[in-house]
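Trainee: The following block contains a protein sequence and its predicted model.
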Amino acid sequence: MKSPIENQALNSIADQISIQTNSRFSVKTVTPITGGDINRAFRLEGAAQTYFVKLNNVHTLDMFQAEFAGLQALAATQTLLIPTPIICGQTDTASFLVLEYLQLHRGSAQSDSVLGQQLAHLHLQPQPYFGWHRNNTIGSTEQLNPQSINWIEFWRKSRLEFQLNLVIANGHSKKLASLGALLSEHLADFFTGYSPQPSLLHGDLWSGNAAVNVDNKPVIFDPACYYGDRETDLAMTELFGGFGQNFYAAYNDVWQLDSGYQTRKQLYNLYHVLNHAVMFGGSYISQAEMMMQNLVQEVL
């Protein structure tokens, strides 16, 4: 059920959609959409158009602007289907992001193959540096994207150590601090004989952020984009499962993964597990400790 504040915000958003699209949009039906942990989401249906809206408090505009920019960057590659971003902005009571509304469904083996091929073609497009032109968020946590030509230093400072500092600041395991220091010291050992190239990454590619449309074409959404090692996107797809073997086979047909990926994927997924530890604590702390112990054993 919508609150009076949400009703006021959605009416204001409809007016801003009208201005942005140069076509009068009046809301006839509002349908709440469940599934997200951070934002409220709605389907706004008018006489001729339907939109997907994310809504949050007035202080989250920067988060939505970064997501808007990520969707634009992905669309510009012409490799993957994404919901078209329409507008993001603020009302008196909320920040919002409006996207094209797509009827989405669970994928199939066939669509997994297509998505694998498309992701590989996205990654094949060369980019000028590691990082991005702005920071964004991973979940509800800030994600730092300073521009760098050194991937190992980027991952050490802006991914591993940044998340470790957040976990420690929350009063969690001191064991993580000592393991993290050791892992950071030996980080370069994971990249012997392997030099990543910068690729545009989705950045948060778990199965909940991929689906198919009514034509069974793969769609990805909710990005946390930056330029980085392509292996980080592949690793994330394995963290929570949901992508079939056809996906990985099709990706490798286009661009074969390096043999060291099987070890580095743990390093890359540690970032996301640490982030979950920051947001939720609990079992993610022990999971992060176990992953770090395994990684340290690989290089000592």
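Mentor: Structure's in. What do you need?
Trainee: now the strands: where do they sit in the stretch 201-300 of the chain?
Mentor: Residue ranges of the strands in the stretch 201-300 of the chain, as given by DSSP state E, counting those that start in this stretch, are 210-212, 218-220, 226-228.
Trainee: V296 versus the residue nearest to the spatial centre of the chain, what's the distance?
Mentor: Geometric centre of the chain, nearest residue: D204, 2.5 Å, by C-alpha atoms, centre = their mean. Distance of D204 to V296, given as C-beta to C-beta, to the nearest Å: 26 Å. C-beta: built from backbone N, CA, C; applies to glycine.
Trainee: Next: N39.
Mentor: The value you get for N39 to V296, if C-beta to C-beta is used, is 37 Å.
Trainee: Looking at those two now, which is surrounded by more residues?
Mentor: Between N39 and V296, N39 has the larger neighbour count (other C-beta atoms under 10 Å), namely 21 against 16.
Trainee: name the element the residue nearest to the more buried one when sequence neighbours are not counted belongs to?
Mentor: What sits nearest to N39 in space, not counting adjacent residues and going by C-beta to C-beta, 6 or more residues apart in numbering, is K54, at 4.4 Å. Secondary structure from DSSP states H and E places K54 in strand 50-56.
Trainee: Go ahead and produce PDB holding the CA coordinates of that strand.
Mentor: The C-alpha coordinates for strand 50-56 follow below in PDB (Å, rounded to 0.1, in the frame of the first residue of the first chain):
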ATOM      1  CA  THR A  50       3.900   2.000 -18.800                       C
ATOM      2  CA  TYR A  51       7.000   2.800 -16.700                       C
ATOM      3  CA  PHE A  52       9.000   1.200 -14.000                       C
ATOM      4  CA  VAL A  53       9.900   3.500 -11.100                       C
ATOM      5  CA  LYS A  54      12.300   3.100  -8.200                       C
ATOM      6  CA  LEU A  55      11.700   5.400  -5.200                       C
ATOM      7  CA  ASN A  56      13.800   6.200  -2.200                       C
END
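Trainee: on that earlier part again, would you format the strands of the stretch 201-300 of the chain as TSV with mean pLDDT, mean neighbour count and distance to F280 included?
Mentor: Putting the strands of the stretch 201-300 of the chain into TSV (pLDDT from 0 to 100; neighbours: other C-beta atoms under 10 Å; distance: least, C-beta to C-beta, whole Å) gives the following:
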stretch	mean pLDDT	mean neighbour count	distance to F280
strand 210-212	96	22	22
strand 218-220	97	21	24
strand 226-228	98	28	23
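Trainee: one step back: was I right about the residue nearest to N39 contacting L97?
Mentor: Yes - judged on C-beta atoms under 8 Å, K54 makes contact with L97 at a distance of 4.4 Å.
Trainee: so what sits against both of the two?
Mentor: F64 (C-beta atoms under 8 Å, 6 or more residues apart in numbering).
Trainee: ok so, going back, in terms of secondary structure, what does the strand holding K54 contact?
Mentor: With contacts defined as 3 or more C-beta pairs under 8 Å, 6 or more residues apart in numbering; DSSP states H and E, strand 50-56 has these neighbours: helix 4-21, strand 40-45, helix 61-76, strand 95-100.
Trainee: After the third one, heading C-terminal, what element do we hit next?
Mentor: Past helix 61-76, heading to the C-terminal end, the next element that is a helix or strand (DSSP H and E) is strand 85-90.
Trainee: Just checking: what are the partner strands of that following strand?
Mentor: strand 95-100 (antiparallel) (DSSP bridges).
Trainee: ok, Y227 touching P196?
Mentor: No - between Y227 and P196 there is no contact under C-beta under 8 Å: 10.2 Å.
Trainee: Could you look up the SS state of the closest residue to E161 other than its chain neighbours?
Mentor: In space, and not counting its chain neighbours, E161 is closest to S184: 6.1 Å by C-beta to C-beta, 6+ apart. Classification of S184 by DSSP: H, G, I helix; E, B strand; the rest coil places it in helix.
Trainee: Distance of the residue lying closest to the residue nearest to the centre of the chain once chain neighbours are set aside relative to M291?
Mentor: Nearest non-adjacent residue to D204, counting by C-beta to C-beta, 6+ apart: A224, 4.3 Å away. In this view, A224 and M291 are 20 Å apart by C-beta to C-beta.
Trainee: what about those two, which has more around it?
Mentor: Using other C-beta under 10 Å, the more surrounded residue of A224 and M291 is A224, with 22 against 18.
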